[in-house]
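>>> Let me see the structure of the following:
(2 chains)
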Amino acid sequence: MKVAGFLLALMLPGAMAGAQEYLNCHFLPGWEQSGPKRQFIAENLFEYKDGAAEGYLVYGFVRMQGITCKLGQDSLDIDVSEMTDEDLAYGIFTANVDPGFPVVQIGMGGQVLRQSASFAKGKYYVEITEVAANPLSDQTAMLRAFADRMIAHLEGRSSAPAVMGWFPRENLVSTKLVPESVLGLRQLRRGFVAKYKQGQAFIVLEDSPESAAAVLKSLRTRFSGATAAKVGDEGFQATAEYLAGLCIFRKGRILAGYANLSDATDAVTLAAKLASSLP
Amino acid sequence: MKSTTSRREFLSAGLMLPLASASSGMSFLKPSESAAGPAGSAVKLDYRTLGRTGLKVTTLGFGCMITSDASVIERAADIGINYFDTARGYQHGNNERMVGAALGARRKQIVLSTKSHAPDKQGLLSDLDTSLRELNTDFVDIWYLHAKGNPAEIHDDMIEAQQLAKRQGKIRFAGVSTHGGQTELLPWLAQKGVFDVVLTSYNFTMDANMEQAIATAAKSGIGVVGMKVMAGGFRGARPGEPANEKLKQPGALLAALKWVIDKPHIATTIPSMTDMDQLDENLKAMEHPFSAADQKLLAEHLDLIRPLYCRMCGKCDGACQKGIKVADVLRCLTYADGYGQFALGRERFQELTAGNGAVRCGDCAECTVSCPHGVRVTDRMARAQELFA
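Below you'll find the model as predicted:
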């Protein structure tokens, strides 16, 4: 382990050089770096995000690097968090999205507000926070420009996970990646959840059809009164106290379904529609 | 909304009454109450009084920070858990929104707390209004100044904000949350006399000084809420490491929770819960009090981490005759050994040893630093110097 750690350490300078490219105050004219670069890992993230660090850790946080840029009385805090994989970077972005504002195409997804911006690209989740002399000023254009310049220096995927496109669009309110316990069920370890005007849908990718079948079987035993549903390769419907009408099915290695509907029959109908959009 | 508005007005007026009256206002909960528990069984929940607030809270509360599905919160509330905690900053406000929606009509039956990280009165009060809107309530029971590590971080205008919010009926009680520096901060809060509740990290890896600080706060009338009660899910026991299987054995995390609940000065705890199974597991703490078997389980863990793990208790501050900040250097070593972050460890090490970088522990005939928790200081310092210097 110690040798491996030492070898990893030898590889780090390369990674740091990359970091210096995407952490650059000169992406926009006039901005200058103030103070040294920040670096945090899971062990010490609380020093910077005191009281909020767990919100990063649950999404597979690896490290954060950041700088502060200044222009006159205004400053920009730019923090780049590297997550374990691209889906988790997208996941923490979706967890923090303000539902009152649109998601725009910056990397896998982004959002620009009056004095802050965030986006995900590859394994990176980026937060840019403006501390303006005038707290009511609208910095949207500047923040968007900064994000656009910055994103060219970040490696990795620029499109949302393909799974997001499998959810039916009709009556869709929001989507997010849940890092553990989808629908509050431990068996559904990690997956995507779509909230609709009525009810919510989920998609979980298991390693194999066999493991998906085992999870489905385990889930069915949780819900007394569950009955078979002809959806996908196999499925069941039930009415549960806290998830209301639900239908969960398997298609290959994919587990998916609907919950929180007033009637389990509605859940079956919607689940069948979802199943038809799955690969 | 109409009913909660009148409740705020009632509360605002009620602030003139003795606290005992406020307490009786929460008498919908009785210590002997039972509630439906896991798999339909009855779980007898334990209640304690949250210091001078008079609130009767279940010893098992609910930290909502990383909960993603409202169903877990709804079920916990229906079972009878009555203390729920969130914060303005969690998921950029989305957590408050989810908690508010989950509690819905149950709001009147629970004690709800939130927090703000804002640095001044204006920011705090603005955050509070946003919190109330997102939580869909007209008041919160406890409003914490979020994540304060020492008295200097708590300014008079922050206290003014809390007092004003109390008078306006937007909050019932004022609190402070803290993740570090408690041995200095808690006695200061006790002496200050304007805080009703403290939310503090507390778990079995901490030393007797922490217990003393909590006792000081509790004896002054401050209600004490414990968080991080499972020591970060047992730090150092990450998947793939030999210790992981042993420490993740059934009952280990529950033992850590029971250890905190067993402490008399702790009114309630707020472990994070993301699914129904965690909720059921934690409810077992109500049925099976902390036992000798739990003690043994936790002692095994402490034995495992003791030689390596610095708890940052501060007892070695100033003990090195060469002026080395031992605890900080050991943390640098954790970055490298524990997380593979050699560059970060070296950078911090070189900052720390800027004035005494040539010092080598091996040069001293005898080390003046002795760790009360059993960390092998000389060995660990020598390794840090070998790696980073």
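
>>> State which one residue of the stretch 1-150 of chain B is found closest to chain A.
Closest approach between the stretch 1-150 of chain B and chain A, counting by Cβ to the nearest Cβ: residue B:147, at 3.5 Å. C-beta coordinates here come from the backbone N, C-alpha and C atoms, glycine included.

>>> Can you get me a residue count around that residue?
Residue B:147 has 22 neighbouring residues, counting by other Cβ atoms under 10 Å in any protein chain shown.

>>> In terms of helices and strands, where is the residue nearest the centre of chain A?
Residue closest to the average C-alpha location in chain A (Cα atoms, centre = their mean): residue A:91, at 0.9 Å. Assigning secondary structure by DSSP states H and E places residue A:91 in helix A:86-96.

>>> how far does the helix or strand that that helix is followed by sit from the chain's center?
Next along the chain after helix A:86-96, taking DSSP H and E as the criterion, comes strand A:109-112. Here strand A:109-112 is found 12 Å from its chain centre; the criterion is Cα atoms, centre = their mean, to the nearest Å.

>>> and for strand A:109-112, what are the contacting residues?
A:90, A:93-94, A:97-98, A:101-104, A:106, A:117-120, A:140, A:143-144, A:147, A:160 (Cβ atoms under 8 Å, 6 or more residues apart in numbering or on different chains).

>>> which non-adjacent residue is nearest residue 142?
Reading this off chain A. residue A:28 (6.8 Å; Cβ to Cβ, 6 or more residues apart in numbering or on different chains).

>>> actually chain B
Residue B:142 sits nearest to residue B:113 (Cβ to Cβ, 6+ apart), 3.8 Å away.

>>> ok, back up a step: what pLDDT does the closest residue to the residue nearest to the centre of chain A other than its chain neighbours get?
Nearest non-adjacent residue to residue A:91, counting by Cβ to Cβ, 6+ apart: residue A:177, 3.2 Å away. In this model, residue A:177 is scored at 95, pLDDT.

>>> Contact partners for residue A:177?
Residue A:177 neighbours (Cβ under 8 Å, 6+ apart): A:87, A:88, A:90, A:91, A:94, A:95, A:161, A:190, A:191, A:192, A:193.

>>> about what we covered before: show me what contacts the residue nearest to the centre of chain A?
Counted by Cβ under 8 Å, 6+ apart, residue A:91 has contacts A:59, A:83, A:176, A:177, A:178, A:179.

>>> Looks to me like residue A:195 is in a helix.
No. Assessed with DSSP: H, G, I helix; E, B strand; the rest coil, residue A:195 is strand; it does not lie in a helix.

>>> re earlier: quick one: distance of the helix or strand that contains the residue nearest to residue A:91 to the chain centre.
Assigned by DSSP H and E, residue A:177 belongs to strand A:172-178. With Cα atoms, centre = their mean as the basis, strand A:172-178 stands 9 Å off its chain's centre.

>>> what does stretch B:258-278 give?
Centre to centre, stretch against its chain (Cα atoms, centre = their mean), the figure for stretch B:258-278 is 10 Å.

>>> Tell me if it is near chain A.
Yes. Using Cβ under 8 Å from any Cβ of the partner chain, we find that stretch B:258-278 touches chain A at B:272, B:274, B:275, B:276, B:277, B:278.

>>> Mind telling me what element the fifth one is part of?
Read it as residue B:277. helix B:276-287.

>>> in that helix, what's buried?
B:276, B:277, B:278, B:279, B:280, B:281, B:282, B:283, B:284, B:285, B:286 (16 or more other Cβ atoms under 10 Å in any protein chain shown).

>>> Which other helices and strands does that helix contact?
Other elements packing on helix B:276-287 under the criterion 3 or more Cβ pairs under 8 Å, 6 or more residues apart in numbering or on different chains; DSSP states H and E are strand B:42-44, helix B:70-79, helix B:252-261.

>>> Please name the strands paired to whatever helix or strand comes next after the first one in the sheet, noting orientation.
The one in question is strand B:42-44. Following strand B:42-44 in sequence order, the next helix or strand is strand B:47-49 (DSSP H and E). Strand B:47-49 has the following strand partners under DSSP bridges: strand B:56-58 (antiparallel).

>>> State the mean pLDDT of the partner strand.
On average, strand B:56-58 scores 97.

>>> With only the CA atoms kept, save the strand holding residue A:177 in CSV.
Output of strand A:172-178 as CSV, limited to C-alpha atoms (Å, rounded to 0.1, in the frame of the first residue of the first chain):
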residue,chain,number,x,y,z
LEU,A,172,-41.6,15.9,-16.3
VAL,A,173,-40.7,18.3,-13.5
SER,A,174,-37.0,17.5,-12.6
THR,A,175,-34.4,14.7,-12.7
LYS,A,176,-31.6,13.8,-10.4
LEU,A,177,-29.1,11.1,-9.6
VAL,A,178,-29.5,9.6,-6.1
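
>>> So which bits of it are buried?
For strand A:172-178, by 16+ other Cβ under 10 Å, it's A:175, A:176, A:177, A:178.

>>> Specify which member of those residues is nearest to chain B.
residue A:178 (4.5 Å).

>>> hang on, that closest one packs against residue A:190?
Yes. Using Cβ atoms under 8 Å, residue A:178 is in contact with residue A:190, at 6.7 Å.

>>> Nearest residue to residue 77 in space, please, no chain neighbours.
No chain specified, so I'll use chain A. Per Cβ to Cβ, 6+ apart, closest to residue A:77 is residue A:129, 4.5 Å.

>>> um, chain B though
Closest to residue B:77 by Cβ to Cβ, 6+ apart is residue B:106, at 4.5 Å.

>>> That'll do, ta.
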